[in-house]
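Q: need a 3D model of the sequence below.
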Amino acid sequence: MTEDKKKQILSKVDYTLLKAASSWEQIGELCGEAIKYRTASVCVPPSYVKRAAEKYGKDLTICTAVGFPMGFATTETKVFETREAVRNGADEIDVVINIGDVKNRAFDLVEKELAALREAAEGKILKVIIETCYLEKDEKIELCKLVTKCGADFIKTSTGLGPGGAVLEDIDLFRANVGKGVRIKAAGGMRTAEDHEAFFDRGVDRIGSSSAIKALYGDGA
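A: Now for the predicted structure:
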């Protein structure tokens, strides 16, 4: 892979560290690598947003996760998380939908929640994680419509912590069913340079990854 293509891929990567035991030292290393390799953003736990924004916000786009990773917090809780993240300096919010509502076919509740989250994000980038590994094709299509209707900026495949991650077929399904202006983020299961390249070549707009730099540059990264 050429150096130019590596840079192109990394420019679309939300460089991510969302492990429960993540230390501030590790978050600092993540941010330093993101600055060096010019990733699209860093995605950090909500508890680190303020510190990361204060120290690195001039050089980095700060992203965080809401309702993560299960999605079953109440709408009011997610709205609070979103507003607090914005106050603390988050530029982008990745929120997990209520998958139980989808399985109950309570799409009216999903729509209501997404509308509330769009408002709470106060114009910041909003990415909606639908966790495709739990969903049937018709459910994915319906969510493409709801994500479009609520005015979210991205539809995202996965948390990376479910039983399955992004698959290329879902990228094609999203592209066929989201409305104009909704971009696509793939996340979960990408470990090798070939994995990252495959989703980049499929035309995704973002890649959520904790391993992109190492995958593309090896241990010397």
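Q: spatially central residue for this structure, please.
A: Nearest to the mean C-alpha position of the chain, by CA atoms, centre = their mean, lies Asp94 at 4.8 Å.
Q: so how far is Lys7 from it?
A: From Asp94 across to Lys7, the span is 23 Å (CB to CB, to the nearest Å). C-beta coordinates here come from the backbone N, C-alpha and C atoms, glycine included.
Q: so where is this structure shaky, pLDDT-wise?
A: 219-221 (pLDDT under 70).
Q: and the helices in it?
A: Using DSSP state H, the helices of the chain run over 3-10, 24-37, 49-56, 75-87, 99-103, 107-120, 137-150, 168-177, 193-201, 212-217.
Q: mind listing what's buried in the shortest one?
A: Think helix 99-103. For helix 99-103, a neighbour-count test (16 or more other CB atoms under 10 Å) marks 99, 101-102 as buried.
Q: I'd say Lys112 and Thr74 touch.
A: No: using CB atoms under 8 Å, Lys112 is not in contact with Thr74, being 11.9 Å away.
Q: between the two, tell me which one has more neighbours.
A: When Lys112 and Thr74 are compared for neighbours, Lys112 comes out ahead with 14 against 11, by other CB atoms under 10 Å.
Q: chain neighbours aside, what residue packs nearest to the more buried one?
A: Thr75 (7.2 Å; CB to CB, 6 or more residues apart in numbering).
Q: burial of the one you found, as a residue count?
A: Residues lying near Thr75 (other CB under 10 Å) number 19.
Q: coming back round to it: partners of the residue nearest to the centre of the chain in the sheet?
A: Ala65, Lys127 (DSSP bridges).
Q: so it touches Thr157, yeah?
A: No: counting by CB under 8 Å, Thr157 is not a contact partner of Asp94; they are 11.3 Å apart.
Q: who touches both of the two?
A: Common contacts of Asp94 and Thr157, defined by CB atoms under 8 Å, 6 or more residues apart in numbering, comprise 129, 185.
Q: just to revisit the earlier point, going by distance to Lys58, which of the buried residues of helix 99-103 wins?
A: Ile99 (36.6 Å; CB to CB).
Q: that closest one: what's it in contact with?
A: 70-72, 131, 134-135.
Q: Thr148 now?
A: Thr148 makes contact with 178-179, 181-182, according to CB under 8 Å, 6+ apart.
Q: now do Thr64
A: 43-46, 49, 85, 90, 92-94.
Q: let's see it at 6 Å
A: 44, 46, 49, 85, 90 (CB atoms under 6 Å, 6 or more residues apart in numbering).
Q: report the two of the residues you listed separated the most.
A: Most distant of the contacts of Thr64, by CB to CB, are Val44 and Ala85, 10.2 Å apart.
Q: how far off centre is stretch 200-208?
A: What separates the centre of stretch 200-208 from the centre of its chain is 12 Å, taken as CA atoms, centre = their mean, to the nearest Å.
Q: that older thread, between the contacts of Thr64, which sits nearest Glu197?
A: Val44 (25.4 Å).
Q: the closest one contacts Ala53, doesn't it?
A: No: Val44 is not in contact with Ala53 according to CB atoms under 6 Å; the separation is 9.4 Å.
Q: of the two, give the one with the bigger neighbour count.
A: Comparing Val44 with Ala53 by neighbour count (other CB under 10 Å), the higher total belongs to Val44, at 28 against 20.
Q: brilliant, that's me finished.
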